[in-house]
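Colleague: model the following, please.
(chains A and B)
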Amino acid sequence: MVRIEDIAQHEGSDIQLRGWMFNRRGSKRFIFMQIRDGSGFIQAVLNREEVDETLFDQIKRLPLESSVVVTGTVAADTRSKLGFELHVKGVEVVHSAEEYPIGKKEHGPDFLMQHRHLWIRSRRQHVVLRVRHSLVKAIRDYFDSRGFLLFDSPLLTANACEGTSTLFETPYFGKMAYLSQSGQLYQEAGAMAFGKTYCFGPTFRAEKSATRRHLTEFWMIEPEVAFADNDDNMDLAEDFMATIIGEVLDKHGDELREVLGRDTTALEKTAEGGFPRISYDEAIETLQRLHAECEDPETKQHLAIEWGSDFGGRHETELTKLYDRPIQVYDWPYAVKAFYMKRSERDPRLARCVDMLAPEGYGEIIGGGQREDNLEVREAAIDHHQLDPADFTWFTDLRRYGSVPHAGFGLGLERTVAWVCGLQHVRETIPFARTIDRLNP
RNA sequence: UGCCCAGUAGCUCAGCUGGUUAGAGCGGGUGACUGUUAAUCACUAGGUCCGGGGUUCGAGUCCCUGCUGGGCAGCCA
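Modeller: Take a look at the predicted model:
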């Protein structure tokens, strides 16, 4: 049994393919079956003079997405994008499909999401989900080959780690448990035990955010490094991003350009590294200048910003437009960042943390920083964020027994896939997206 | 959660300031076509105009309300 991706090795031989007929064209003499087997797409040609007449008539009427076993000869053909097609000798219909709901013309997003279990069969979705796969592999390879230990954080937790975000609750043997919104705190314990760790798993946010950048269930990669400050952290984040984007480009550059119509220039720049690093102070100055120069009243209104505020989507977009690759904005106001961030010793108004902003308007793809390693500052922060210290005794313990400077970051997988593929919405970057109003399919 | 937009054939949509039997393309069916690339061409079937209430001689069209979806903002990855 041959897979379409290996077809080149079988030129001239008779083979069998198993798959689905996703489209069909034809004339009196020919039927062109478009076959998908999961590894690729190929055209199988039936010539009326070369196959049984009953078979020809059966295939002429075969509904789209019927499953088939096709026997034939592999032939090189310049008219095929793949370079090869199959000259059919026989077809066994495994299942004759009912009328397929997804047509060849455009569909609306709701219809496609309702039929996500079928939509994933399409060519574009194949590219997107394969990019996701390759990105995951590149990410794991990156850390695995640099001395990081995979250290899974729990998904069920007793406490919120960022205070403000809304958590999913679930009954837990007479108590309440929460679905994890970040594996980060546990990575700090991991880094104190193993030096360099990472986790890669699903994360849950019950925020009522219904935008193109939000899912209630999404995947995050979170490395954590002992004996590292925020500058080391930025070095790591940059090398990491350049490396994984480079690997995905090597594997999928052609598909991205041809199937998705993606202009890969910014991705190529990203793979070179050399990401500009901009302090929050500089970024605010730039944004205030952009605001002053802005002539579009709607943009201008959203660009207004004072020192001390977090960025909105428009700030990220306008700031990143000035660069041809991701940028790292560092040293944010302490007040707007999570309680575990390291308070700057140079300037106590600041936290030693960093956001990496993707170019082309895709916004934040990495958030991270150095962690507070001082016990007293840590306890004060827990108190200030009105968190229950009892939930965090294990966490503060890490500052009692050999505390060291340490840093790490979190990468949002879906936002990264959306950026790489140039998609409008993260819901296409995961097999079955979970959003505020979609739990099915 | 706030603001804006939409819901008409299986799908994507048109349907003007309210007016008689609601249209197109795709998909389905039937047929034609010597290699097609979202194939093309002809014919054909297919509708509780999202639900509820209201205004009117008359509502797909106007008003109220509910539901569903989309976009933006906030929050974030």
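
Colleague: count of residues packed around the residue in chain A positioned nearest to RNA strand B?
Modeller: Distances between chain A and RNA strand B by CB to the nearest atom of the strand are smallest at residue A:312, namely 2.4 Å. (Glycine included, C-beta is placed from N, CA and C.) For residue A:312, the neighbour count with other CB atoms under 10 Å is 13.

Colleague: for the nearest residue to it once chain neighbours are set aside, give me its contacts.
Modeller: Counting by CB to CB, 6 or more residues apart in numbering, residue A:312 lies nearest to residue A:302, which is 6.2 Å off, once chain neighbours are set aside. Contact criterion CB atoms under 8 Å, 6 or more residues apart in numbering gives A:312, A:313, A:314, A:315 as the residues in contact with residue A:302.

Colleague: what about the residues you listed, which are in helices?
Modeller: Counting by DSSP state H, the contacts of residue A:302 place A:313, A:314, A:315 in helices.

Colleague: scan those and report the most crowded one.
Modeller: For the ones in helices among the contacts of residue A:302, counting by other CB under 10 Å, the largest number of neighbours falls to residue A:315: 24 neighbours.

Colleague: what about the strands in the stretch 151-300 of chain A?
Modeller: For the stretch 151-300 of chain A, the strands defined by DSSP state E, counting those that start in this stretch cover A:156-157, A:169-172, A:175-179, A:196-204, A:217-226, A:277-279.

Colleague: of all the ones you listed, which one is nearest residue A:21?
Modeller: Set against residue A:21 and scored by CB to CB, these come closest in strand A:217-226, at 33.3 Å.

Colleague: list the contacts of that closest one.
Modeller: Contact partners of strand A:217-226, identified using CB under 8 Å, 6+ apart, comprise A:139, A:143, A:148, A:153, A:182-184, A:187-188, A:190-192, A:195-205, A:232-233, A:236, A:240, A:404, A:406-414, A:426, A:430, A:434.

Colleague: residue A:116 and residue A:106, how far apart?
Modeller: From residue A:116 across to residue A:106, the span is 16 Å (CB to CB, to the nearest Å).

Colleague: more neighbours: which of these two?
Modeller: When residue A:116 is set against residue A:106 and neighbours are counted by other CB under 10 Å, the residue ahead is residue A:116, at 18 against 7.

Colleague: list the contacts of the nearest residue to that one once chain neighbours are set aside.
Modeller: Closest residue to residue A:116 apart from its sequence neighbours, by CB to CB, 6+ apart: residue A:441 at 5.4 Å. Residues in contact with residue A:441 (CB under 8 Å, 6+ apart) are A:114, A:116, A:117, A:432.

Colleague: roughly how far apart are residue A:347 and residue A:281?
Modeller: Counting by CB to CB, the gap from residue A:347 to residue A:281 is 9 Å.

Colleague: what is in contact with those two at once?
Modeller: Listed as contacting both residue A:347 and residue A:281 by CB under 8 Å, 6+ apart are residue A:331.

Colleague: could you pull up the mean pLDDT of stretch A:400-413?
Modeller: This predicted structure assigns stretch A:400-413 an average pLDDT of 96.

Colleague: now stretch A:317-328
Modeller: For stretch A:317-328, the per-residue pLDDT values average out at 93.

Colleague: if you look at that stretch, does any of it touch RNA strand B?
Modeller: No. Stretch A:317-328 stays clear of RNA strand B (CB under 7 Å from any atom of the strand), getting no nearer than 7.7 Å.

Colleague: ends of that stretch, how far apart?
Modeller: With CA to CA, to the nearest Å as the measure, stretch A:317-328 spans 14 Å from end to end.

Colleague: which other residues reach it?
Modeller: Residues outside stretch A:317-328 that contact it (CB under 8 Å, 6+ apart): A:234, A:237-238, A:241, A:265-266, A:269-270, A:272, A:274-278, A:283, A:286-287, A:290, A:299, A:303, A:311, A:329, A:354-363, A:365.

Colleague: likewise for stretch A:42-62?
Modeller: By CB under 8 Å, 6+ apart, the residues outside stretch A:42-62 that reach it are A:4, A:7, A:17, A:21, A:24, A:26, A:28-35, A:68, A:70, A:72, A:80, A:82, A:84-91, A:93, A:96.

Colleague: near RNA strand B too, which of those?
Modeller: Applying CB under 7 Å from any atom of the strand to the contacts of stretch A:42-62, one finds that A:26, A:28, A:29, A:30, A:32, A:34, A:80, A:85, A:87 fall near RNA strand B.

Colleague: please, a PyMOL command that selects the buried ones among the contacts of stretch A:317-328?
Modeller: The following PyMOL command selects only the buried members of the contacts of stretch A:317-328, with burial defined by 16 or more other CB atoms under 10 Å:
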select buried, chain A and resi 234+237+238+241+266+269+270+275+277+278+283+287+290+303+311+329+354+355+356+357+358+359+360+362+363+365
